[in-house]
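**Q** Okay, predicted coordinates and the sequence, questions at the end:
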Number of protein chains: 2
Amino acid sequence: MNKPHPLATGDKTQGTSKKTAIETVQEQIRERVISGALGPGERLHVDKLRLEFGVSTSTMREAISRLLIDDLVTSEQQRGFRVAPLTLKDFRDITDARKMIEAEALRVSLANRTEDWEADLVAAYHRLSRIEERLIGEGKPEFAPDWDEWNSNFHDCLVQNCDNAWLKRFRRTLHQHSYRYHRRLIDDRSLPRDVRVEHKAIFDTAIAGDIAACVAAIEAHIEKSYTDLTQQHDLSD
Amino acid sequence: MNKPHPLATGDKTQGTSKKTAIETVQEQIRERVISGALGPGERLHVDKLRLEFGVSTSTMREAISRLLIDDLVTSEQQRGFRVAPLTLKDFRDITDARKMIEAEALRVSLANRTEDWEADLVAAYHRLSRIEERLIGEGKPEFAPDWDEWNSNFHDCLVQNCDNAWLKRFRRTLHQHSYRYHRRLIDDRSLPRDVRVEHKAIFDTAIAGDIAACVAAIEAHIEKSYTDLTQQHDLSD
DNA sequence: ATGGAAAAAATAATCGTTTTTTATTTGACC
DNA sequence: GGTCAAATAAAAAACGATTATTTTTTCCAT
């Protein structure tokens, strides 16, 4: 594995897989929801959006419908779709669920370690820490164009050997939602957190094969992310 | 509090249920997938189905699309929809994930116990055990029209006080899939299992407030369900 | 003014058809 | 007889229009 999925935002002409219109639209709406361009609780006007994207009603509806899959959008009968709301309680619940599921996925993954995986992990960690070192001077290691991507990649790599598809699926969903909170809550008032030490702890214990310590490090990492982000913020608007 | 509305599939608006065509079709397809009327791996022909249900293409597509939510259906670009396959490995994974998630939901729920909940649980257990006693003579306590319903109800009741919506959602998804395996694997060769003692253990420990014992009982219950069903069967066809 | 029924506007749901893509068959050529 | 490619058939995806429902506005009676 080399590069973690370059977010193909291109025309359909180039590229190996010609995406279907539904998939293309689905991805773009997802991006808007996660980035906050479509705010929590906001209504999804099928007709407006369909004109904007230049697709038909049914294509638009099906694209939106598929976002119900990961709960990024909700639907209420006869009154359309709505972006899932953001609440502190929900973020708390996500954090708890993540701690449990990510921990278990990690346990399984570490138990199934292979040489290839170890090499992948070393590479992933290397890239991530390079970026973090570069960014640390700017005081915002957690907010950069490709940090997200490589941070995700590192964490994905950790659980890569977990062969339980359900755990991985739940983990992915939760991570996605978590990231939406992240995007929403991080701002100039946020304390710049140095995640390097946390990532190092996770990496070292993983390589050392100390499952218990690695699980503890991940759980602390997830919890700390919640605490830091919710410290001086609220979600009342 | 009287009847905890059996088989309420997460619907928030009971009563004035003027269901939309999409929802109606969605539920019927779901039922067919779970019951096995639509077999694992089978293709979902939009045109055939739409004629059968008397709806349009887009309605049918959207209904099927929404089953992607709980992974009962898969979609492959440009080649339509397909019923999710059934494999032994998948059942094993579901069982593992269920044990973890159900256990955690139970822990939270028991920690949040209320008097109302206790009354509900007593009632739910009572109804279930009555049915089981009636059925035990027939040698197949696990296979009866309303046993499923009240068994579900009992288990739902146990985790009712868990206020983590994510855990409950994951639990519901897994339970649904687990039930599909159940429907598929149970047959005349299955040993008639006496689940009464297991349910009694769960109930007693729950009422007694012995969280650790109750969690252990649930985990054993889930595991036993897997073991019994997979004993003399295979999923090769 | 004000509450509420009736009319109008907006938006969601559904429809049946057309276009695009994939699967299958046919038939010339080696 | 076997291979490959064009022709055909089948099915999926996308379309834009129609119908049903909900929300907003209007306007009359209290």
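**A** Nice, I can see it.
**Q** Which helix or strand lies directly C-terminal to the helix or strand encompassing A:K48?
**A** Per DSSP states H and E: A:K48 is located in helix A:46-53. Using DSSP H and E, the helix or strand that follows helix A:46-53 in sequence is helix A:57-65.
**Q** what separates the residue of chain A found nearest DNA strand D from chain B, distance-wise?
**A** Here chain A gets closest to DNA strand D at one residue, A:A21, 2.8 Å apart by C-beta to the nearest atom of the strand. C-beta: built from backbone N, CA, C; applies to glycine. Using C-beta to the nearest C-beta, to the nearest Å, A:A21 is found at 11 Å from chain B.
**Q** ok so, going back, packing partners for the helix holding A:K48?
**A** The contact analysis (3 or more C-beta pairs under 8 Å, 6 or more residues apart in numbering or on different chains; DSSP states H and E) places helix A:46-53 against helix A:21-35, helix A:57-65.
**Q** looking at these, which is closest to B:D163?
**A** Closest approach to B:D163 among the helices and strands packed on helix A:46-53 (C-beta to C-beta): helix A:21-35, 24.4 Å.
**Q** Let me know the average pLDDT across that closest one.
**A** Mean pLDDT, computed over helix A:21-35, is 96.
**Q** Give me the contact list for it.
**A** With contacts defined as C-beta atoms under 8 Å, 6 or more residues apart in numbering or on different chains, helix A:21-35 is touched by A:12, A:37-38, A:44, A:49, A:53, A:55, A:59-60, A:62-64, A:66-67, A:72-73, A:83-84, A:176, A:179-180, A:183, B:77.
**Q** cool, and stretch A:173-188?
**A** By C-beta under 8 Å, 6+ apart, the list of residues contacting stretch A:173-188 from outside reads A:33-36, A:40, A:70-72, A:86, A:90-91, A:94-95, A:97-98, A:101-102, A:142-143, A:148, A:152, A:155, A:225, A:229-230, A:233, A:235, B:166.
**Q** What spatial separation is found between the residue sitting furthest away from the middle of chain A and B:A21?
**A** Note on chain A: the largest C-alpha distance from the chain mean falls to A:Q78, namely 30.9 Å (C-alpha atoms, centre = their mean). According to C-beta to C-beta, to the nearest Å, A:Q78 and B:A21 sit 11 Å apart.
**Q** what about the residue of chain A closest to DNA strand D, neighbour count?
**A** Counted with other C-beta atoms under 10 Å in any protein chain shown, the neighbours of A:A21 add up to 16.
**Q** Which strands and helices lie in contact with the helix or strand of chain A with the lowest mean pLDDT?
**A** Here the helix or strand of chain A ranked lowest by mean pLDDT, DSSP states H and E is helix A:115-136, holding a mean of 92. Helices and strands touching helix A:115-136, by 3+ C-beta pairs under 8 Å, 6+ apart, are helix A:147-158, helix A:196-208.
**Q** mind saving the C-alpha coords of that helix as PDB?
**A** Output of helix A:115-136 as PDB, limited to C-alpha atoms (Å, rounded to 0.1, in the frame of the first residue of the first chain):
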ATOM      1  CA  GLU A 115       5.400  -8.800   8.200                       C
ATOM      2  CA  ASP A 116       3.800  -7.000   5.400                       C
ATOM      3  CA  TRP A 117       1.500  -5.200   7.800                       C
ATOM      4  CA  GLU A 118       4.400  -4.200  10.000                       C
ATOM      5  CA  ALA A 119       6.100  -2.600   7.000                       C
ATOM      6  CA  ASP A 120       3.000  -0.800   6.000                       C
ATOM      7  CA  LEU A 121       2.600   0.500   9.500                       C
ATOM      8  CA  VAL A 122       6.100   1.800   9.700                       C
ATOM      9  CA  ALA A 123       5.600   3.600   6.400                       C
ATOM     10  CA  ALA A 124       2.300   5.100   7.400                       C
ATOM     11  CA  TYR A 125       3.700   6.300  10.700                       C
ATOM     12  CA  HIS A 126       6.700   7.700   9.000                       C
ATOM     13  CA  ARG A 127       4.600   9.800   6.600                       C
ATOM     14  CA  LEU A 128       2.300  11.000   9.300                       C
ATOM     15  CA  SER A 129       5.100  12.000  11.700                       C
ATOM     16  CA  ARG A 130       6.900  13.900   9.000                       C
ATOM     17  CA  ILE A 131       3.800  15.900   8.300                       C
ATOM     18  CA  GLU A 132       3.200  16.500  12.000                       C
ATOM     19  CA  GLU A 133       6.800  17.700  12.400                       C
ATOM     20  CA  ARG A 134       6.400  20.100   9.600                       C
ATOM     21  CA  LEU A 135       3.100  21.400  11.000                       C
ATOM     22  CA  ILE A 136       4.000  21.700  14.600                       C
END
